[in-house]
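Here is my input; please provide its structure:
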Amino acid sequence: MTINGVLIDRDKLLTKDELLDYLRENDGDDKALSQIREDYYEKFDNDLIWRYPISDGLHLGACIVVVREGFLNLPYDDVDDHYGELYELDDAKLHDGDSLQIFLDDFKLFADDLISALTGMIAIMAQN
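Now for the predicted structure:
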């Protein structure tokens, strides 16, 4: 499998259960996930983790993590100054094509709205 030009040997990926067990044993926060980022970066020259910083309607945001079975949605509802995102491990689930499409569509709407607002703000500032 290839993502963003990175060839990925699935056998070198963590399984969903391995990743969740590791996070449960290590406080379930972004500080714990950083070790997985480092391990993946050493293996694949990419951490294979993407932040999804907008609400899905249930959670504040999420990370999408490549695991052996596919793409794991790792949601969070709280962010700590020291530990980063505090993941809702019981709500973690594998994405399917439909859920990834919803994430993509929602992110495009979010980005388009922000671009429009910022463009308007710049125009207002240019008039002053």
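
Excluding chain neighbours, give the residue nearest to Asp91 in space.
Taking Cβ to Cβ, 6 or more residues apart in numbering as the measure, Asp91 lies nearest to Pro75, with 5.2 Å between them; neighbours along the chain are not counted. Where you see a C-beta, it was placed from the backbone N, CA and C, and this is true even at glycine.

Confirm that that neighbour sits in a strand.
Yes: assigned with DSSP: H, G, I helix; E, B strand; the rest coil, Pro75 falls within a strand.

Quick check: pLDDT value at it.
At Pro75 the predicted local distance difference test score is 97.

What's opposite Leu72 in the beta bridge?
Using DSSP bridges, the beta-bridge partners of Leu72 come out as Val65, Leu94.

what's it in contact with, if anything?
Under the criterion of Cβ atoms under 8 Å, 6 or more residues apart in numbering, the contact partners of Leu72 comprise 16, 19, 64-66, 92-95.

biggest helix in this protein, by residue count?
Ranked by number of residues, the top helix in the chain under DSSP state H is helix 97-127.

Please point out which parts of that one sit buried.
For helix 97-127, the neighbour count (16 or more other Cβ atoms under 10 Å) marks Phe103 as buried.

Of all residues in this protein, which one is nearest the centre?
The central residue of the chain, meaning the one whose C-alpha is nearest the mean C-alpha position (Cα atoms, centre = their mean), is Cys63 at 1.9 Å.

doesn't Gly70 make contact with Leu100?
No: in this structure, Leu100 sits apart from Gly70 without contact. The criterion is Cβ atoms under 8 Å, and the distance is 9.5 Å.

which residues touch the lowest-mean-pLDDT helix or strand in the chain?
Across the helices and strands of the chain, mean confidence by mean pLDDT, DSSP states H and E is lowest for strand 6-7: a mean of 86. Strand 6-7 has contacts (Cβ under 8 Å, 6+ apart) with 1, 44-46, 48.

any chance of those residues in CSV, plus neighbour count, distance to Thr119 and pLDDT?
Conversion of the contacts of strand 6-7 to CSV gives the following (neighbours: other Cβ atoms under 10 Å; distance: Cβ to Cβ, whole Å; pLDDT from 0 to 100):
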residue, neighbour count, distance to Thr119, pLDDT
Met1, 10, 37, 85
Phe44, 17, 37, 93
Asp45, 11, 36, 92
Asn46, 15, 32, 93
Leu48, 22, 33, 96
